[in-house]
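Enquirer: Okay, here's the prediction I keep looking at, along with the sequence it came from:
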Amino acid sequence: MNKIRIAVHGGAGTILRSHMNVEKEKQYLNGLENALKTGHSILEKGGSSVDAVQAAVMSLENFPLFNAGRGAVFTHIGTHEMDASIMDGKTLEAGAVCGISNVQNPVHLARVIKEHSGHVLLCGKDAEAFAKKMNLPFQSDDYFYEESRFKQWQQIKDTDYYELDHTDTKDEKKFGTVGAVALDVQGNLAAATSTGGMTNKRYGRIGDTPIIGAGTYANNRTCAISCTGHGEYFIRAVVAYDISCLMEYKGHTLKQACDYVVKDKLVKMGGEGGLIAIDKDGNIELPFNSDGMYRGWMKNRKAEVRIYEK
Ligand code: ASP
């Protein structure tokens, strides 16, 4: 029997122990652990990695402390515009959505786009119309409201400044984008990512999350990757695909490829963030170049969750 593996993240950035209290910390770790267990129980029953990453990301989207689905950050005009994607490493089929509002689970829509639209990436109002046609659940604006996100937006809403959800401003605690990667019993890899993007974003700004090859990528020949961080840099560095290419064309191990891209290439460009990765042999890497990253992984039925570097 093949090894089954799953890893999740809830965003990377200026996440410092000094900004956290024991209660909050516990809530985050529980959120990560629940997502891991949700995905792992599917894998354990012989379910597919695509089903596992979708379920894990939906669990994180439903958890208000992460910047995805419920609890997504505010745009410049006080709305929530969400992006998500999912990719199947066996078929290289992918689905993605950007700039949508009120869809309860953006990653669910990405999956439906992958399977039923004949396209890869749909955006905005027309993507919402497709979600309605496919009978996906919608929620009112109130459902997506989270107080700390609102305060975070209030601090910068009258400026041209936009920021990563977890960037260190004033005394706010920061939370992030979510993602999952998995390897199933058939040896198939999959990745999924979901986000509200960056606080105070405007002009229809889209980050790396819905861009296949930048924020999300899966290929059974190499690895599955889900990223979090300053999306503009992750798009320019084509981060997720770059790691897969280094493995496929240069024979790098997962660790070598991740270390090079996250700790060298991105750092030189000024791109803050991290990612979670699983390769076809079940190796797991969770590198980041920021102070912390909400992250967790599960193998041999044991869930491990972490926030800070050490
Ligand atoms: N990568 C996301 C974006 O740029 C933000 C994040 O990871 O928190 O939209």
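Expert: Alright, I've got the coordinates.
Enquirer: Next up, the contacts around Cys258.
Expert: Ile243, Leu275, Ala277, Glu285, Pro287 (CB atoms under 8 Å, 6 or more residues apart in numbering). Heads up, the C-betas are built off the backbone N, CA and C, glycines and all.
Enquirer: Please report the number of neighbouring residues for the third one.
Expert: Read that as Ala277. When counting by other CB atoms under 10 Å, one arrives at 31 neighbours for Ala277.
Enquirer: Might one say that it is in contact with Ser244?
Expert: No. Using CB atoms under 8 Å as the test, Ala277 is too far from Ser244 to be in contact (9.4 Å).
Enquirer: The residue lying closest to Ala214 once chain neighbours are set aside: neighbour count?
Expert: Among residues not flanking Ala214 along the chain, Asp208 sits closest, at 4.0 Å (CB to CB, 6 or more residues apart in numbering). Around Asp208 sit 32 other residues, with neighbours defined as other CB under 10 Å.
Enquirer: cool, and the one 3 residues further on?
Expert: Other residues within reach of Ile211, judged by other CB under 10 Å, total 25.
Enquirer: And His116, by the same measure?
Expert: Residues near His116, counting by other CB under 10 Å: 12.
Enquirer: Make sure the residue nearest to Ala214 is indeed in a helix.
Expert: No. With DSSP: H, G, I helix; E, B strand; the rest coil as the criterion, Asp208 is located in coil rather than a helix.
Enquirer: Could I get the phi/psi values of it?
Expert: Note on Asp208: backbone dihedrals following degrees, to the nearest 10 are phi -80, psi -20.
Enquirer: That one and Val239 touch, don't they?
Expert: Yes. Asp208 lies in contact with Val239 (CB under 8 Å); the separation is 7.1 Å.
Enquirer: how about Ser226, secondary structure?
Expert: strand.
Enquirer: actually Met247, not the one I typed
Expert: helix.
Enquirer: Would you list the phi and psi of the closest residue to it other than its chain neighbours?
Expert: Leaving aside its sequence neighbours, Met247 sits nearest to Thr222 (CB to CB, 6+ apart; 4.3 Å). Here is the backbone geometry of Thr222 (degrees, to the nearest 10): phi -130, psi -80.
Enquirer: which ones are touching Thr222?
Expert: Ile243, Ser244, Met247, Glu248, Asp279, Lys280.
Enquirer: okay if I get those residues as TSV plus pLDDT?
Expert: Conversion of those to TSV gives the following (pLDDT from 0 to 100):
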residue	pLDDT
Ile243	98
Ser244	98
Met247	98
Glu248	98
Asp279	98
Lys280	97
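Enquirer: roughly how far apart are the residue lying closest to Leu16 once chain neighbours are set aside and Gly274?
Expert: Spatial nearest neighbour of Leu16, chain neighbours left out: Asp291 (5.7 Å); criterion: CB to CB, 6+ apart. Note on Asp291: its distance to Gly274, by CB to CB, to the nearest Å, is 10 Å.
Enquirer: same question, Glu23
Expert: 25 Å.
Enquirer: between those two, which one's more packed in?
Expert: Gly274 (28 against 7).
Enquirer: pLDDT score for Thr14?
Expert: Listed pLDDT for Thr14 reads 79.
Enquirer: Was I right to think it contacts Ser290?
Expert: Yes. The criterion here is CB under 8 Å, and Thr14 meets it with Ser290 at 6.6 Å.
Enquirer: who has more neighbours, the two?
Expert: Ser290 (23 against 17).
Enquirer: For that one, list the residues it contacts.
Expert: Contacts of Ser290 by CB under 8 Å, 6+ apart are Ala12, Gly13, Thr14, Ile15, His166, Gly229, Glu272, Gly273, Gly274.
Enquirer: could you redo the last one with a cut-off of 6 Å?
Expert: Ala12, Gly13, Glu272 (CB atoms under 6 Å, 6 or more residues apart in numbering).
Enquirer: My understanding was that Leu36 contacts Glu304; is that so?
Expert: No. Judged on CB atoms under 6 Å, Leu36 makes no contact with Glu304 at a distance of 8.6 Å.
Enquirer: Who has more neighbours out of the two?
Expert: The neighbour comparison of Leu36 against Glu304 (other CB under 10 Å) goes to Leu36, with 25 against 15.
Enquirer: mind listing what's buried in the helix or strand containing that one?
Expert: Leu36 belongs to helix 22-44 when assigned by DSSP states H and E. Within helix 22-44, the residues scored as buried using 16 or more other CB atoms under 10 Å are 28-29, 31-40, 42-44.
Enquirer: Most widely separated two among those residues?
Expert: Using CB to CB, the buried residues of helix 22-44 reach their maximum pairwise distance at Tyr28 and Glu44, which is 24.2 Å.
Enquirer: All set now, cheers.
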